[in-house]
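sharing a model prediction with you, sequence too.
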Amino acid sequence: MQLGIRKLELRIREIQTQIPNSKFQILNSNLLSSASSAVGLSLFAAAVVATLGAATVMAGPPKDAVIPMAVHITSPLGRSGLPGKVRIVARIAAPVESPAIAARPVRFFVNDKLIGTDTDGPPYSTEWEDENPFEPCKLAVEVDDPIGGVVRDEIDLAPFEIVEQSGITSVGLEATVQDAQGHYLGGLDASQFTLRENGEPQTIDVITSEAPAATFVLLVDSSQSMSRNIDFVRVAASRLVDHLRTDDSVVIAPFNKGITTVTGPSRDRATIADAVAAIKPHGGTAIIDALLEATEQFPNADGRRVVVLLTDGYDENSTKSFEETLARLKQTQVTVYTVAIGGVSGVSINGEKMLRRIAGDTGGRAFFPWNSDQLAAVHTSIADDVQHRYRMAYTPTNQRQDGTWRTITLTTNDAAHKVHARPGYQSLMPAPVRPSIEFIAVDAAQQYVDLTRDDFDVLEDGVKQSVDVFQEAVAPVTIALALDQSGSMKKAAPVVREAAGAFVDALRPTDPLGLVLFSDKAELMGEVGTDRKPAHDAIDAYTAKGGTALYDALDLALGRLKTVEGRRVIVVVTDGYDEDAKSKGPGSTATWDQVVASAKEIDATIYAIGLGARVDRSRLQQLASLTGGEAYFTTDVAALEQHYHRIVEELHRRYLVAYTSTNVKRDGMWRKVELRSHMTSVRVRSRGGYYAPPQ
């Protein structure tokens with residue numbers, strides 16, 4: 001099929017000389033991009049014929065027609081995600097039956113900037129550092145042709161995409177099934193498999209035996225210890241490529257102390273063969289580090305991801321841990337096939353154990369060929385194993401994100417069948433718990449103290465935390481002002497109106513405000529917002545009468561602030577207990593326990609101002625302490641404005657600290673947070689902790 005495509009390409013280029021340049025350019029821009037398949041080329045050729053007209057086609061090309069050369073980029077065809085330099089490879093295509101083209105300079109461009117010129121002859125290449133794979137990029141090559149002028153080819157590299165999983169939801173699994181004689185079996189459906197996770201039966205949602213395109217990363221050990229076997233390695237890598245399908249792509253990644261120059265992803269076999277032939281042994285060996293680098297990302301997130309590791313198994317220079325690398329391999333669902341050059345006798349005992357475990361734990365296989373005959377069998381086995389796999393998905397009954405290893409057991413209903421699949425997967429770690437705590441610092445005289453990050457420690461349940469953010473709390477704060485207008489407030493009403501109005505005016509224009517008035521019942525006077533007129537109108541109409549529905553007022557304010565994002569504050573002003581107008585029963589339908597539960601749940605700071613001698617001092621103090629606020633008590637109504645002023649000032653003097661908790665559990669439990677000042681005379685006041693988010 002490849003030969004037929006190549007002939008059709010050459011025929012098209014012969015026809016090109018017979019078409020006016022403008023027409024061929026139109027055809028080229030509209031159709032040649034689809035000519036990567038036989039069908040695409042056929043459509044392209046048909047369009048060319050239609051353009052020429054029947055008479056021209058029957059006459060054939062002029063005998064003296066001279067066909068220009070062409071140049072093609074063969075690698076890379078996408079982003080591999082591997083670190084290190086990228087090798088850009090180009091080939092010059094000569095017209096059919098033309099003499100070989102002499103070596104000539106080939107110019108390489110990245111985003112229209114010349115980065116190198118190769119004059120050494122085929123294969124033409126240059127190295128390029130892909131500094132930002134997350135930005136689109138255009139690669140181009142040019143060569144001077146005496147007939148066609150400047151011949152150019154270019155490709156667009158799309159940004160490399162990283163897909164982050166947000167939950168377990170479903171788990172993908174690949175498996176092979178062989179009979180007792182080792183033949184691969186296809187055609188099985190979900191009912192013929194039994195799947196268990198940690199021993200619990202699971203339901204297979206989707207199953208298919210279709211083999212999608214695969215990306216093979218040939219991780220080739222090019223360290224000095226491989227010098228005696230380098231020819232064997234080249235043969236091994238080259239023969240493996242012969243077993244791949246046309247839609248599979250290959251990345252050649254030599255490594256010693258790390259991955260060196262990468263070629264690919266490419267489907268051009270000559271380019272791949274040249275890259276293998278160019279491998280030169282030198283330096284130390286870091287197998288584990290190279291494997292970890294290779295798992296960073298693959299260019300096709302939807303296709304099969306395969307690493308074929310060719311090595312002698314001697315690791316001298318890795319800095320990463322084996323377990324860390326193995327965990328990453330499992331997490332990214334990369335299947336690893338290990339090929340030990342020199343057989344079992346050429347590998348250390350530890351090296352053999354390492355290679356077998358890497359392959360086994362990732363659903364691959366380990367091979368130890370010691371001659372070319374065995375090597376041929378290895379290639380066939382790897383290709384068959386990759387191309388005869390079932391792909392299935394299931395939704396685990398355990399949806400917790402706890403970072404634990406989940407064991408997978410897959411069998412068929414025939415005990416003679418051998419099922420090979422990865423042994424399990426690592427469930428996602430829960431998202432980090434990142435609390436933020438507002439606080440205020442005062443000295444023994446209750447004067448506000450300026451702090452720096454180094455002036456205090458953060459301890460969560462006694463464990464010191466590392467602070468990520470420390471700043472003044474300057475974001476707008478939504479405030480609910482709850483005013484007692486029961487009958488006992490009648491004498492103080494003029495001062496209450498004046499002080500409340502001054503408080504409203506003292507707030508920043510960006511701070512939303514809502515006013516709750518309560519007597520026999522609690523009522524929200526208009527919507528919460530930055531328009532001060534509704535609050536002023538309600539305060540001007542303030543009239544004292546009835547009972548004291550204090551708990552209902554607090555419950556209403558907390559419920560309204562629950563729907564608000566950001567900083568939240570309640571200021572409550574009252575002169576008594578929660579009671580009806582005759583002081584013979586409760587004034588609210590909400591209970592005190594309900595108010596306390598809501599205050600714990602909602603991250604709102606509560607400030608209380610108690611007027612007179614008959615105020616419920618203990619409960620107001622409890623609410624303030626519980627939420628990191630403050631309670632003020634006075635028998636002089638004239639002091640009301642002073643307390644309002646103190647609250648406004650404190651809102652401007654609060655700090656915000658945020659950190660990533662060392663306790664990753666998302667269990668919905670209360671976490672005690674202590675902000676411990678290094679200065680004994682300074683008291684830090686906050687709500688004292690937070691509720692961890694639920695799973």
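Looks like it arrived, so ask away. Everything numeric here is computed off the predicted structure, so don't read it as measured data.

hey, let's count contacts and neighbours off CA atoms from now on
Noted.

who are the packing partners of the host helix or strand of residue 90?
Under the assignment given by DSSP states H and E, the secondary-structure element containing residue 90 is strand 86-93. Secondary-structure packing of strand 86-93 (3 or more Cα pairs under 8 Å, 6 or more residues apart in numbering; DSSP states H and E): strand 70-75, strand 124-128, strand 262-266.

which parts of the last one are buried?
Which is strand 262-266. By neighbour count on 16 or more other Cα atoms under 10 Å, the buried set for strand 262-266 is 262-266.

want to throw the residues you listed into JSON lines with pLDDT and distance to residue 597?
Rendered in JSON lines, the data for the buried residues of strand 262-266 read as follows (pLDDT from 0 to 100; distance: Cα to Cα, whole Å):
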{"residue": "262", "pLDDT": "86", "distance to residue 597": "60"}
{"residue": "263", "pLDDT": "87", "distance to residue 597": "62"}
{"residue": "264", "pLDDT": "80", "distance to residue 597": "61"}
{"residue": "265", "pLDDT": "88", "distance to residue 597": "59"}
{"residue": "266", "pLDDT": "88", "distance to residue 597": "62"}
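
which non-adjacent residue is nearest residue 234?
What sits nearest to residue 234 in space, not counting adjacent residues and going by Cα to Cα, 6 or more residues apart in numbering, is residue 276, at 5.9 Å.

got the confidence number for that neighbour?
The per-residue pLDDT reported for residue 276 equals 84.

show me what contacts it?
Counting by Cα atoms under 8 Å, 6 or more residues apart in numbering, residue 276 touches 234, 237-238, 252.

most neighbours among these, which one?
Counting by other Cα atoms under 10 Å, residue 252 has the largest number of neighbours within these, with 25 neighbours.

next secondary structure after the helix or strand hosting residue 515?
Remark: residue 515 resides in strand 513-518, with elements defined by DSSP H and E. Going down the chain from strand 513-518, the next helix or strand is strand 522-524, by DSSP H and E.

give me the sheet partners of that following strand and which way each runs.
Using DSSP bridges, the neighbouring strands of strand 522-524 in the sheet come out as strand 513-518 (antiparallel).

neighbouring contacts of the strand it pairs with?
Where contact means Cα under 8 Å, 6+ apart, the residues beyond strand 513-518 that reach it are 478-486, 522-532, 535, 548-550, 553, 557.

how far off centre is that strand?
Between the mean C-alpha point of strand 513-518 and the mean C-alpha point of its chain there is a distance of 44 Å (Cα atoms, centre = their mean, to the nearest Å).

pull out the buried residues from that strand.
Neighbour-count burial for strand 513-518, counted by 16+ other Cα under 10 Å, picks out 513-518.

for stretch 632-647, same thing?
The neighbour-count check on stretch 632-647 (16+ other Cα under 10 Å) flags 632-634, 637, 640-641, 643-644, 647 as buried.

ok, now stretch 107-119?
107-110, 116-118.

what does stretch 373-387 give?
Per 16+ other Cα under 10 Å, stretch 373-387 contains these buried residues: 375, 378-379, 382-387.

among those, find the lowest-pLDDT one for me.
Model confidence across the buried residues of stretch 373-387 bottoms out at residue 375, which has 73.

contacting residues around that residue?
Residues near residue 375 by Cα under 8 Å, 6+ apart: 236, 369.

name the element it belongs to?
Mapping residue 375 onto the secondary structure by DSSP H and E places it in helix 372-387.

return the strand holding residue 515 as CSV; C-alpha atoms alone will do.
What follows is the C-alpha trace of strand 513-518 in CSV, where atoms were taken according to Å, rounded to 0.1, in the frame of the first residue of the first chain:
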residue,chain,number,x,y,z
LEU,A,513,-24.5,45.6,53.5
GLY,A,514,-27.8,44.0,54.6
LEU,A,515,-30.0,45.3,57.5
VAL,A,516,-32.0,42.9,59.7
LEU,A,517,-34.5,44.4,62.2
PHE,A,518,-36.0,42.2,64.8
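
follow-up on the earlier one: centre of the chain to the helix holding residue 375, how far?
That offset, for helix 372-387, works out to 35 Å (Cα atoms, centre = their mean).

elements contacting the helix or strand following that helix?
The C-terminal neighbour of helix 372-387 among helices and strands, as given by DSSP H and E, is strand 390-394. Helices and strands touching strand 390-394, by 3+ Cα pairs under 8 Å, 6+ apart, are strand 171-178, strand 204-208.

if we can go back for a sec, of all pairs in the buried residues of stretch 107-119, which one spans the longest distance?
Comparing every pair within the buried residues of stretch 107-119 by Cα to Cα identifies 110 and 118 as the most remote, at 14.7 Å.

what values do phi and psi take at residue 553?
Dihedral angles phi and psi of residue 553 (degrees, to the nearest 10) take the values phi -60, psi -50.

what's the burial count for it?
The number of residues packed around residue 553, counting by other Cα under 10 Å, is 27.

average pLDDT across stretch 419-437?
When the per-residue pLDDT values of stretch 419-437 are averaged, the result is 86.

can you pull out the helices in the stretch 501-650 of the chain?
Along the stretch 501-650 of the chain, counting by DSSP state H, counting those that start in this stretch, helices occupy 533-540, 550-562, 592-601, 617-627, 640-651.

got the contact list for the longest one?
Judged by Cα under 8 Å, 6+ apart, the contacts made with helix 550-562 from elsewhere in the structure are 478, 480, 482, 484, 516-519, 521-524, 568, 570, 572, 574, 577-579, 587-592, 594-595, 598-599, 602, 604.
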